[in-house]
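Kindly return the folded structure for what I paste below:
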Amino acid sequence: MTKDRSFSFIWCNRVVPERHPAWFIDALNTDDLNEERSVLLGMIPSVHSEPAAKEQSYILENLPENLECYDFVDPVSYYQQSRFFVFPAKYTFANFALLEAMSYGVVPIISNVEGTDLIVQDNYNGLVFDLTKEGLYQAMLRAAQLSDEDYERLSNQARQTI
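Residues are numbered from 1 along each chain as shown. Below is the predicted model:
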C-alpha cells in the first residue's frame, strides 16, 4: 500500500530559518539522495519577512532536480503520495502538518527537541534525529534505505498514533 507512494520526502511547512529548509535542500542535492523524488509545499509568493525570503531564495537558487516546489496548497493528495514527512525544527510539539501527515501514514523524520518524545519515538512511529544538518542528512539516508517491511511498520504505527 504505502510502499507505492511516488514521493520519498515531503516538506509541508513554512520555509523559515527555525525549520532549516536549507538542510533539506542540501541533503537532496547529495549523491546519496539525489534520486529520491520529493516535494516541498510552503513557498510564499509575496513573502515579507527577510529571513523567510532568504530561505526561499536559497531553495530556488539550489533547487534539486528531484524536488517539486509549490506554494501553500491543500496537502492531502501529497500526503497520500509521500513516504516521509521532514521536520527539522526547534519546536515540533503539536505541529498540525506533522499530525495530519502522520494520520495518512506518512512517517515523520523529526528533530529530537523538547516535546518530540510525546508524539514520535525513534524506530517505532518515525525517525528522530539530533537537530543538526548532519543529523537530518543521516536520518533521510536511513529512511531511504529502510526495507519495505520496516517502512510499513513505521507507517502503520504513525497512523495508529494519531
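
In terms of secondary structure, what does the host helix or strand of residue 25 contact?
Residue 25 belongs to helix 21-28 when elements are defined using DSSP states H and E. Under the contact definition 3 or more C-beta pairs under 8 Å, 6 or more residues apart in numbering; DSSP states H and E, helix 21-28 sits against strand 7-12, strand 38-43, helix 50-61, helix 133-144. C-betas here are computed from N, CA, C, even on glycine.

Select, out of those, the one closest to residue 99.
strand 7-12 (11.4 Å; C-beta to C-beta).

Can you list the neighbours in contact with the closest one?
Contact with strand 7-12 is made by 21, 24, 28, 36-42, 75, 78-79, 81-86, 97, 101, 106, 109, 140, 143-144, as judged by C-beta atoms under 8 Å, 6 or more residues apart in numbering.

redo that, cut-off 7 Å
Contact with strand 7-12 is made by 21, 24, 36-42, 75, 78, 81-86, 97, 101, 106, 140, 144, as judged by C-beta atoms under 7 Å, 6 or more residues apart in numbering.

what's the angle from it to strand 38-43?
10 degrees (axes from the mean of the first three to the mean of the last three C-alpha atoms, to 10 degrees).

Distance from the chain centre to strand 7-12, please.
How far strand 7-12 lies from its chain's middle: 5 Å, per C-alpha atoms, centre = their mean, to the nearest Å.

Equivalent analysis for stretch 128-139, please.
Using C-alpha atoms, centre = their mean, the offset of stretch 128-139 from its chain centre is 12 Å.

first vs last residue of it, how far apart are they?
In stretch 128-139, first residue to last residue: 7 Å (C-alpha to C-alpha, to the nearest Å).

how about that stretch: buried residues?
128-129, 131, 135-137, 139 (16 or more other C-beta atoms under 10 Å).
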